[in-house]
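In: Just need the structure, nothing else, for what follows:
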Amino acid sequence: MTQLYSSVKPTPMLKDELDIVIPTIRNLDFLEMWRPFFEQYHLIIVQDGDPSKAIKIPEGFDYELYNRDDINRILGPKASCISFKDSACRCFGYMVSKKKYIYTIDDDCFVAKDPSGKDINALEQHIKNLLSPSTPHFFNTLYDPYRDGADFVRGYPFSMREGAITAVSHGLWLNIPDYDAPTQLVKPLERNSRKFDLSLRYVDAVMTIPKGTLFPMCGMNLAFDRELIGPAMYFGLMGDGQPIGRYDDMWAGWCVKVICDHMGWGVKTGLPYIWHSKASNPFVNLKKEYNGIFWQEEAIPFFQSVTLPEECTSVQQCYLELAKLVKEKLGKVDPYFNKLATGMVTWIEAWEELNSAEGTEAKAPNGKSE
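Out: Residues are numbered from 1 along each chain as shown. This next block holds a predicted model:
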């Protein structure tokens, strides 16, 4: 079986075809741990909060740095669709990238180790996930049949073994679980780590999420094919001035999954793991999530019942159709969804405008190439 992880600096895969997008409000010292894996890739850093605050980035990285002033300058009035004071601002990085693939990671996520103690090259595993097919139409009980050492099980239709294009690779985490605020409050000491028997927590598997099944997408360790699904990776209107937070990646995940199902593409989840180092304040999170906890009980059945028309043959068409349905159906739940639907339309307009024209207006004034 091919060794998936290495503590030795790897030969970069897709070096010129992938951007790493990082939202942040602080100095990016965490990049030192990722240097062996990230240094040869291009970084797009989206600075949230006060644009006058200078953040430090370790030497040796090739990057572009955007702050709120840059977003306003580049998008003009359409900048209203990009969230402020929320990690949802990361989706601006998806918009300005010109690469085929995106990997996004939070600045409190460190390199994890596999059960043998070796560093996990999360980026390499995501790339392997994206470059191999998915099986959304028929579940293989040995998980991902395209991994080295695996195969299709008896009874799997031969006509379906070619698989589907993989649009999204959703990675997991060790140490601090990705819990909502109520669960954080009742399980304050819960950890997913070697100290608490890693053998029961670390699952060496990748699986395709079946067609018709939604999932809670976490944006802290995520990769996707930007050319395929990028226009649907909108993290919504969250944070400052909005009645909800911490549902940005959830919203994008629901939209993306519905569209991938419609287009016949796959979404993988499982490996790779990263080490999530910081538990956020559950009381602050509860304030952000309060409305979402109620609204998701309406939003999830909505997405489960959505059927996109056959004439929607592009992601942009699918997304605009979803925006229309969000306004029609979820606008009755709360006026926020009318605003969100408008933001979804504005996002597609900005995406089209920025990605259909070449020019220097999309460049950050403060970048560095080594």
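
In: Can I get the host helix or strand of Ala167 in PDB, CA atoms only?
Out: Per DSSP states H and E: Ala167 is located in strand 166-175. Only the C-alpha atoms of strand 166-175 are listed here, as PDB (Å, rounded to 0.1, in the frame of the first residue of the first chain):
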ATOM      1  CA  THR A 166     -15.100  14.500  -7.200                       C
ATOM      2  CA  ALA A 167     -15.900  18.200  -6.600                       C
ATOM      3  CA  VAL A 168     -15.300  18.400  -2.800                       C
ATOM      4  CA  SER A 169     -13.000  16.800  -0.300                       C
ATOM      5  CA  HIS A 170     -14.100  17.400   3.300                       C
ATOM      6  CA  GLY A 171     -11.500  16.700   5.900                       C
ATOM      7  CA  LEU A 172     -11.900  16.100   9.600                       C
ATOM      8  CA  TRP A 173     -10.000  17.100  12.800                       C
ATOM      9  CA  LEU A 174      -8.500  15.800  16.000                       C
ATOM     10  CA  ASN A 175      -8.400  17.400  19.500                       C
END
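
In: Return the mean pLDDT over that strand, rounded to an integer.
Out: Averaged across strand 166-175, pLDDT comes to 95.

In: Now do that strand: which elements does it pack against?
Out: helix 122-131, strand 221-225, helix 226-229, helix 248-263, strand 266-276 (3 or more C-beta pairs under 8 Å, 6 or more residues apart in numbering; DSSP states H and E). Bear in mind the C-beta positions are built from the backbone N, C-alpha and C, glycine included.

In: now the host helix or strand of Val326 against helix 248-263, angle please.
Out: Element membership for Val326, per DSSP H and E: helix 315-329. Orientation of helix 315-329 against helix 248-263 (axes from the mean of the first three to the mean of the last three C-alpha atoms, to 10 degrees) gives an angle of 120 degrees.

In: Show me what whichever helix or strand comes after helix 315-329 is in contact with.
Out: Going down the chain from helix 315-329, the next helix or strand is helix 336-355, by DSSP H and E. Contact with helix 336-355 is made by 74-75, 78, 80-81, 91, 95-96, 230-231, 234, 236-237, 242-244, 251, 291, 295, 316, 319-320, 322-324, 326-327, 330-331, 362, as judged by C-beta atoms under 8 Å, 6 or more residues apart in numbering.

In: buried sites along helix 336-355?
Out: The neighbour-count check on helix 336-355 (16 or more other C-beta atoms under 10 Å) flags 336-337, 339-348, 350-351, 354-355 as buried.

In: just stretch 271-291 next, same as before
Out: Result for stretch 271-291 [16+ other C-beta under 10 Å]: buried residues 271-277, 279, 282, 285-286, 288-289, 291.

In: Return, as residue ranges, the portions of this protein with sub-threshold pLDDT.
Out: 1-11, 181-182, 184, 188-200, 279, 357-370 (pLDDT under 70).

In: quick one, helices of it?
Out: Assigned by DSSP state H, the helices in the chain fall at 31-38, 68-75, 91-96, 122-131, 181-186, 198-201, 226-229, 248-263, 282-305, 315-329, 336-355.

In: and those as CSV, adding distance to Ile209?
Out: Shown next, in CSV, are the helices of the chain (distance: least, C-beta to C-beta, whole Å):
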stretch, distance to Ile209
helix 31-38, 26
helix 68-75, 32
helix 91-96, 21
helix 122-131, 12
helix 181-186, 21
helix 198-201, 20
helix 226-229, 14
helix 248-263, 7
helix 282-305, 13
helix 315-329, 18
helix 336-355, 22
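
In: So which of those is nearest Glu59?
Out: Glu59 lies closest, by C-beta to C-beta, to one member of these: helix 31-38, at 10.1 Å.

In: What is that closest one packed up against?
Out: Helix 31-38 packs on helix 122-131, going by 3+ C-beta pairs under 8 Å, 6+ apart.

In: The helix it packs on packs against which elements?
Out: Using 3+ C-beta pairs under 8 Å, 6+ apart: helix 122-131 touches strand 18-24, helix 31-38, strand 101-105, strand 166-175, strand 221-225, strand 266-276.

In: and of these, who's closest to Phe158?
Out: strand 266-276 (18.3 Å).

In: before we move on, the earlier item: to Gly155, which of the helices and strands packed on strand 166-175 lies closest?
Out: strand 266-276 (19.9 Å).

In: Could you check the angle the closest one makes with strand 221-225?
Out: Using the same axes, to 10 degrees: strand 266-276 against strand 221-225 is 150 degrees.

In: How far does strand 266-276 sit from its chain's centre?
Out: 10 Å (C-alpha atoms, centre = their mean, to the nearest Å).
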